[in-house]
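Trainee: next input, structure requested:
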Amino acid sequence: MTKTRILTILVVVMVLLNLVTVAFLFLGRGHGPKHPHPNHEGPRNIIIEQLKLDEKQVASYDVLIVEHSQAIAKMDSLMQTTRNNLYAQLLENDSLAVATQLDLVGALAKRVEETHFNHFLRLKALCTPEQLPAFEKLTTDLVAHFSTSKPPHPKH
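Mentor: As a prediction, the model looks like this:
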């Protein structure tokens with residue numbers, strides 16, 4: 001075999017490996033449909049119970065849940081697309097495109113947190129003055145839940 005033929009074979013193998021890697025990044029993550037909150041009944045019922053929501057409040061809260069879930073699902077989809085675009089830059093070496101995609105990831109993360117925060121503000125607005133102490137306790141529980149530290153990632 002000549003050096004040119006060996007080099008051609010190596011280039012073809014590298015291109016195939018790159019295509020497999022890109023396909024994994026774009027397609028390999030999906031294992032069935034994503035549900036933003038597959039067990040939203042649990043938190044829903046806990047919140048209804050802790051706040052002692054009446055039937056009218058529960059109906060309004062259910063509307064909030066649907067709106068919140070739809071908004072988060074849209075942002076999750078955008079975040080996945082943006083992450084895919086970011087990691088596709090590993091093949092391009094375009095630092096401006098990388099910076100742009102990182103900015104988009106940050107902006108989407110901010111929108112997600114704002115959406116969660118506003119969801120709870122809207123829940124608070126449903127509460128009567130008598131329910132506000134229970135909402136404050138719920139808020140304290142939420143802060144504790146979100147502030148728990150996660151174990152560090154294993155080193156690669």
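Trainee: worst mean pLDDT across the helices and strands of this protein, which element?
Mentor: helix 3-27 (a mean of 60; mean pLDDT, DSSP states H and E).
Trainee: what residue ranges in the chain are flagged as low confidence?
Mentor: The model of the chain has pLDDT under 70 over residues 5-7, 9-41, 145-156.
Trainee: and the helix or strand hosting residue 100, what other elements does it pack with?
Mentor: Here residue 100, judged by DSSP states H and E, is contained in helix 95-126. With contacts defined as 3 or more C-beta pairs under 8 Å, 6 or more residues apart in numbering; DSSP states H and E, helix 95-126 has these neighbours: helix 55-88, helix 132-147. Bear in mind the C-beta positions are built from the backbone N, C-alpha and C, glycine included.
Trainee: identify each buried residue in the first one, please.
Mentor: Along helix 55-88, these residues count as buried under the neighbour rule (16 or more other C-beta atoms under 10 Å): 57, 60-61, 64-65, 68, 71-72, 75, 78-79, 82-83, 86.
Trainee: distance to residue 94 added to those, as a markdown table?
Mentor: Written out in a markdown table, the entries for the buried residues of helix 55-88 read as follows (distance: C-beta to C-beta, whole Å):
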| residue | distance to residue 94 |
| --- | --- |
| 57 | 51 |
| 60 | 48 |
| 61 | 46 |
| 64 | 41 |
| 65 | 41 |
| 68 | 36 |
| 71 | 31 |
| 72 | 30 |
| 75 | 25 |
| 78 | 21 |
| 79 | 21 |
| 82 | 15 |
| 83 | 16 |
| 86 | 11 |
